[in-house]
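Asker: I need the structure of the sequence given here:
(one chain, ligands or ions: 1)
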Amino acid sequence: MSDNDSALTPAPAAPVDPALLALRTQIDALDRELLALLNRRAGLALSVGEIKKKEGSVVFRPEREAQVIDGLKAANPGPLKNDSVAPIWREIMSACRSLETPTRVAYLGPAGTFSEQAALGYFGSSLVRVPCASIDEVFRATTAGAADFGVVPVENSTEGVVARSLDLFLTTPLFIIGETSLFVRHNLLRREDALAGIRAVCAHPQALAQCHGWLSHHLPDVERRPVSSNAEGARLASLDPTLAAIASDRAASEWGLHMVSPAIQDDANNRTRFAIVTHPERHPAPAASGHDCTSLVVSVINRPGAVHDMLVPLKHHGVSMTRFESRPARSDQWEYYFYIDVQGHPDTPAVSTALKELRSVCAYFKVLGSYPIDVH
Ligand SMILES: O=C(O)C(=O)C[C@]1(C(=O)O)C=C[C@@H](O)C=C1
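Answerer: The predicted structure is shown next:
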């Protein structure tokens, strides 16, 4: 045997510690018990599904899923972290739900977008993916019934509101049944593992804005090319070595690109919040879960003190406001729509009365939905 041969021959495996073997045997036994328990759970979900079919009621119950996860987090003795408990049970419930009926979910595609990641995080991976070319298309597919639910970005911690989503809440019949938020890490991706020779950086306008500082510092003279999604930018970069993309870790592996510079977003804690929407004729509003949020859009007649008057009922009934955004009403009168989130569900008297009083002082009033607060 030559020196070369010995270099290629793997070293013989070290003998396995008997204590480790014994622990693995216990893990194997527990996994089989867990599998049997999960199958019993799936059987129960199937029976629930039968009852729902007889009643003609919907399968997905966001409030129930939120309660299941809240309850398990409260009961968790560790060492499993609560941050692990939520995604594990999301997956379990996703698998159980898919036995009752398929869940078709529309989001801004193609594969590898943050919207897809948000959809998988919220519904679990047992879903039917309906990737769409734009946010408008997500609303259209969900309105037309090509998807049961849509997942749309509504705000980002660096860039503020996603105006297109807010505008579409006004003009479509869809309403919100849930929310989820995602830590958004942007990476510079390219076929070559170098910054030199980049002609243009292709990404969604929101991603270009969230990386504005980094791009100005490292690629000051390079064109910033807005495209329909970050994954579309990654696809273009995979075809042309002079193009770079700003996209997720998943998009890098999806399109076979190098991660030239990781985490280039200007805010290290960059997060995006997504709303889960559906059609009122196909899905009822979720019942109260105990930890809920109600989203509204309102406008008031333009007169002194109007905005103040609008907020008085909330203060009066002790209802906390967690969000207040304005968007021009395009009426040419300097009028605005206000997007308001309050804590609570109209099932509770305080929220219900506050909303009634608020409605009475508004020129326009629409409840966008009451839904469980993100439990991830
Ligand atoms: O409790 C129900 O209604 C079920 O259908 C079961 C289950 C679950 O797996 O726990 C599945 C789907 C629903 O969204 C909520 C919960």
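Asker: what about the most centrally placed residue in the chain, which SS state?
Answerer: The centre of the chain sits closest to residue 118, judged by C-alpha atoms, centre = their mean, with a distance of 3.0 Å. At residue 118, secondary structure determined by DSSP: H, G, I helix; E, B strand; the rest coil is helix.
Asker: hang on, isn't it packed against residue 271?
Answerer: No - Residue 118 is not in contact with residue 271 according to C-beta atoms under 8 Å; the separation is 10.9 Å. Any C-beta I mention is one placed from the backbone N, CA and C, and that applies to glycine too.
Asker: what do the two both touch?
Answerer: Taking C-beta atoms under 8 Å, 6 or more residues apart in numbering as the criterion, residue 118 and residue 271 both touch 181-182.
Asker: can you pull the contacts of the single nearest residue of the chain relative to the ligand?
Answerer: Distance from the ligand to each residue of the chain (C-beta to the nearest ligand atom) is smallest for residue 96, at 3.5 Å. Counting by C-beta under 8 Å, 6+ apart, residue 96 makes contact with 41-42, 45.
Asker: One more: residue 260?
Answerer: Contact analysis of residue 260 by C-beta under 8 Å, 6+ apart lists 187-190, 192-195, 244.
Asker: Let's see that with 7 Å instead.
Answerer: Residues near residue 260 by C-beta atoms under 7 Å, 6 or more residues apart in numbering: 188-190, 193-195, 244.
Asker: The stretch 1-150 of the chain: helices as residue ranges?
Answerer: Applying DSSP state H, counting those that start in this stretch to the stretch 1-150 of the chain gives helices spanning 3-8, 18-55, 62-75, 82-100, 114-123, 135-144.
Asker: And the longest one, what's buried?
Answerer: This points to helix 18-55. For helix 18-55, the neighbour count (16 or more other C-beta atoms under 10 Å) marks 45, 48-49 as buried.
Asker: and the helix or strand hosting residue 368, which strands flank it?
Answerer: Secondary-structure element containing residue 368, defined by DSSP states H and E: strand 364-372. Here strand 364-372 has these sheet partners by DSSP bridges: strand 292-299 (antiparallel).
Asker: what residues does the strand it pairs with touch?
Answerer: 169-170, 176, 310, 322, 329, 335-346, 351, 362-373.
Asker: and the following helix or strand past it, average pLDDT?
Answerer: Using DSSP H and E, the helix or strand that follows strand 292-299 in sequence is helix 306-316. Across helix 306-316, pLDDT averages out at 93.
Asker: who are the neighbours in contact with the residue lying closest to residue 64 once chain neighbours are set aside?
Answerer: Leaving aside its sequence neighbours, residue 64 sits nearest to residue 289 (C-beta to C-beta, 6 or more residues apart in numbering; 7.8 Å). Residues near residue 289 by C-beta under 7 Å, 6+ apart: 63, 66-67, 372.
Asker: Is there contact, residue-wise, from stretch 24-38 to the ligand?
Answerer: No - under the criterion of C-beta under 6 Å from any ligand atom, stretch 24-38 makes no contact with the ligand; the nearest approach is 10.4 Å.
Asker: Which positions in this protein make contact with the ligand?
Answerer: By the rule C-beta under 6 Å from any ligand atom, the part of the chain lying against the ligand is 45, 48, 59-61, 64-65, 68, 93, 96-97, 100.
Asker: What residues does residue 154 make contact with?
Answerer: Listed by C-beta under 7 Å, 6+ apart, the contact partners of residue 154 are 161-162, 165-166, 273-275.
Asker: Quick check: mean pLDDT of the helix or strand containing it?
Answerer: Element membership of residue 154 [criterion: DSSP H and E] is strand 149-156. Here strand 149-156 scores 96 as its mean pLDDT.
Asker: And whichever helix or strand comes after that strand, how far out from the chain middle?
Answerer: With elements assigned by DSSP H and E, the helix or strand that comes after strand 149-156 is strand 160-161. Averaging C-alpha positions (C-alpha atoms, centre = their mean, to the nearest Å) puts strand 160-161 15 Å from its chain's average.
Asker: so what does strand 160-161 touch, helix or strand wise?
Answerer: On a contact count with 3 or more C-beta pairs under 7 Å, 6 or more residues apart in numbering; DSSP states H and E, strand 160-161 meets no helix or strand.
Asker: Report the next helix or strand after that strand in sequence order.
Answerer: Using DSSP H and E, the helix or strand that follows strand 160-161 in sequence is helix 163-171.
Asker: So what touches that following helix?
Answerer: Helix 163-171 has contacts (C-beta under 7 Å, 6+ apart) with 135-136, 139, 152-154, 297, 327, 337, 339, 368.
Asker: got the angle for that helix vs strand 364-372?
Answerer: Inter-element angle recorded for helix 163-171 and strand 364-372: 110 degrees (by axes from the mean of the first three to the mean of the last three C-alpha atoms, to 10 degrees).
Asker: Looks like residue 369 contacts residue 175 (just checking).
Answerer: Yes - contact criterion C-beta atoms under 7 Å: residue 369 and residue 175 qualify, at 4.4 Å.
Asker: Between these two, which has more neighbouring residues?
Answerer: Applying other C-beta atoms under 10 Å to residue 369 and residue 175 shows that residue 369 carries more neighbours, namely 24 against 20.
Asker: Quickly note the distance from the residue nearest to the more buried one when sequence neighbours are not counted to residue 167.
Answerer: Distances taken as C-beta to C-beta, 6+ apart place residue 176 nearest to residue 369, at 3.2 Å, with adjacent residues excluded. If you measure residue 176 against residue 167 using C-beta to C-beta, to the nearest Å, the figure is 15 Å.
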